[in-house]
Each structure stands twice: as structure tokens, then as C-alpha cells.
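J.: requesting a structural model of the entry that follows:
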Amino acid sequence: MMTTLRNGAAAALLSLIAGCSTAHPGAGGNTEGFTETGQASFYADKFQGRQTASGALYKHDLYTAAHKTLPFGSTVRVTNTTNGKSVVVEVNDRGPFVKGRIIDLSKSAFKSIGNTSLGLIDVKIEVLR
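T.: So this is what the prediction gives:
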């Protein structure tokens, strides 16, 4: 009786946790609708013209981004949670590899939703496709 009760409680807890989680990038090959919150940074000037992980050259004026796991070519809406401004970018690189940062934006994309003098902004990202 006690084992059945424990197993039932464990199953209910796991179902509750699973129901509250967000889809993980790459789960079933579909990342559309995936969301994540954290900090965004932007590429330093020294990266202008360098090759990204996808093979494309980084350009400050294009709306591109780096994410650790989202597939190259993913279209992502990045919203500054402080001012509500958002920008749509394409993932073409890997990173950032600093704790707490979830996305690196091109300089122009970052400027469109925040002040580069801040260096970091709190964001929510949502995969559009």
C-alpha cells in the first residue's frame, strides 16, 4: 500500500514538472516555440569580418546571433524584458559561453533593443522557426 502511494506521488510530481517545462532545442527536431530567459550580450568590434561557426562572416550590421544549441538558420525573437523592445535575428554562430548569458547578438541587433554601453541586457528569446 505504501509503495503504491509513493509511486503514485512520484508519477504525479514528474507529470507536474514535465508539464511546466519548456521544450528543449532539438527535441524531436522542432524548436519552434522554444523560449528561454537570461542575459544577452553583443559581439565585440574585433569579430567584424571573422568567420562564424556556420561559415558565414560576422557583420555588425546584420541581425544575427550566437546560441549554444539552436540550429543554424533558426529565426529568434529577442525581447528586452526591461523596455519591451524586440528584434528578430538569425542564429549563425555558437555561444555565448559565459554563465547566465543565453544569446550573443550582433551589434546592430543589440542596439535596436538596448544601449550598448550597458554591455548586457535581460532578455526573453522565442524561436519563431
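J.: and the gap between the nearest residue to residue 75 once chain neighbours are set aside and residue 47?
T.: Using Cβ to Cβ, 6 or more residues apart in numbering and skipping the chain neighbours, the partner closest in space to residue 75 is residue 128 (4.5 Å). To be clear about C-beta, it is placed using only N, CA and C from the backbone, and glycine gets the same treatment. To residue 47, residue 128 is 25 Å away according to Cβ to Cβ, to the nearest Å.
J.: which one of those two has more residues nearby?
T.: residue 47 (19 against 14; other Cβ atoms under 10 Å).
J.: now do the contacts for the more buried one.
T.: residue 58 (Cβ atoms under 8 Å, 6 or more residues apart in numbering).
J.: and it, its phi and psi?
T.: phi -90, psi -10 (degrees, to the nearest 10).
J.: how many other residues sit next to the nearest residue in space to residue 91 that is not next to it in sequence?
T.: Leaving aside its sequence neighbours, residue 91 sits nearest to residue 74 (Cβ to Cβ, 6+ apart; 4.4 Å). Residue 74 has 21 neighbours, counted by other Cβ under 10 Å.
J.: next one: phi and psi at residue 74?
T.: phi -60, psi 140.
J.: surely residue 122 touches residue 79?
T.: No. Using Cβ atoms under 8 Å, residue 122 is not in contact with residue 79, being 9.7 Å away.
J.: what segments of this structure are helices?
T.: 2-20, 107-113 (DSSP state H).
J.: which pLDDT value does the model give residue 66?
T.: Here, the pLDDT recorded for residue 66 equals 98.
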